[in-house]
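Student: give me a model of this one.
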Amino acid sequence: ILAMHPTPPNFDGSEDRNGKRNFDEIRLMADYLSPNKGAYIYDDNGEKVSLSENARFVLVGDFNAADIGDKHREGVIEQLTEHPLVNNDIIPTSAGGAGASGAEFSNRFTAYWGARADYVLPSRFGFDVNDAGVFWPAKTSDLYRLVKDREASSDHRLVWISLSLTEDN
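Tutor: Predicted coordinates for the structure are as follows:
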């Protein structure tokens with residue numbers, strides 16, 4: 001499990017310091033997945049580290065990077081979602097996210113402010129993806145009370161994925 005929570009790419013000035021930091025924090029993970037790019041990454045013992053090409057992994061977290069829409073920053077989340085070792089083939093969706101906006105892709109939102117910002121991304125090797133989703137019940141659901149406002153839950157929704165181990169690792 002590789003967990004991360006990069007800086008939100010806003011709340012700064014025209015220098016875009018947080019936007020650049022978000023890009024670089026995501027790049028660090030992409031480089032860690034790529035032995036040919038991650039040679040600069042060292043562990044606490046001073047040893048160079050990166051994952052091997054056939055490593056099983058699952059990336060999880062609030063990446064603060066939209067993959068589509070008005071909050072999308074070209075080339076940021078794609079460092080992971082288009083990485084050759086990352087499986088982004090199944091996009092988690094929900095019934096409630098679609099009610100958050102008129103955007104045709106709003107069923108993939110994971111944050112109330114209108115973006116897919118939270119991810120669960122397994123490796124291409126070692127897993128079959130069975131199903132995936134975002135826990136964001138529709139307003140008509142009895143479970144909607146669990147996400148109706150900030151007193152009920154976070155501004156981000158739970159993203160889940162069902163995986164099966166395979167022998168190809």
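
Student: and stretch 60-79, which residues are buried?
Tutor: Buried residues in stretch 60-79, counted by 16 or more other CB atoms under 10 Å: 60-67, 69, 71, 76-79. For every residue, glycine as well, the C-beta is placed using N, CA and C.

Student: what about the protein, any weak spots by pLDDT?
Tutor: With pLDDT under 70 as the threshold, the chain has low-confidence stretches at 98-102, 168-169.

Student: centroid-nearest residue for it?
Tutor: Nearest to the mean C-alpha position of the chain, counting by CA atoms, centre = their mean, stands Y119 at 2.4 Å.

Student: that one against Q79, yeah?
Tutor: No. Counting by CB atoms under 8 Å, Y119 stays clear of Q79, with 11.9 Å between them.

Student: sorry, back to before: for the buried residues of stretch 60-79, which one is nearest R145?
Tutor: D62 (22.8 Å; CB to CB).

Student: ok, that closest one - contacts?
Tutor: Neighbour list for D62: H5, A111, A117, D118, H156 [criterion: CB atoms under 8 Å, 6 or more residues apart in numbering].

Student: same thing but at 7 Å, please
Tutor: For D62, the contact set (CB atoms under 7 Å, 6 or more residues apart in numbering) comprises H5, A117, D118, H156.

Student: show me how to select, in ChimeraX, the buried members of those.
Tutor: In ChimeraX, a selection of the buried entries from the contacts of D62 looks like this (16+ other CB under 10 Å):
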select :117,118,156
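
Student: now, which of the contacts of D62 sits nearest V129?
Tutor: Using CB to CB, D118 comes nearest to V129 of those, at 16.7 Å.

Student: how close does the residue lying closest to that closest one once chain neighbours are set aside sit to L51?
Tutor: Leaving out its chain neighbours, the residue that sits closest to D118 by CB to CB, 6 or more residues apart in numbering is T110, at 4.0 Å. Per CB to CB, to the nearest Å, T110 is found 25 Å from L51.

Student: next: I77.
Tutor: I77 is 19 Å from L51, by CB to CB.

Student: for the chain, just list every one of the strands.
Tutor: Per DSSP state E, the chain carries strands over the ranges 2-4, 58-62, 118-122, 127-135, 158-165.
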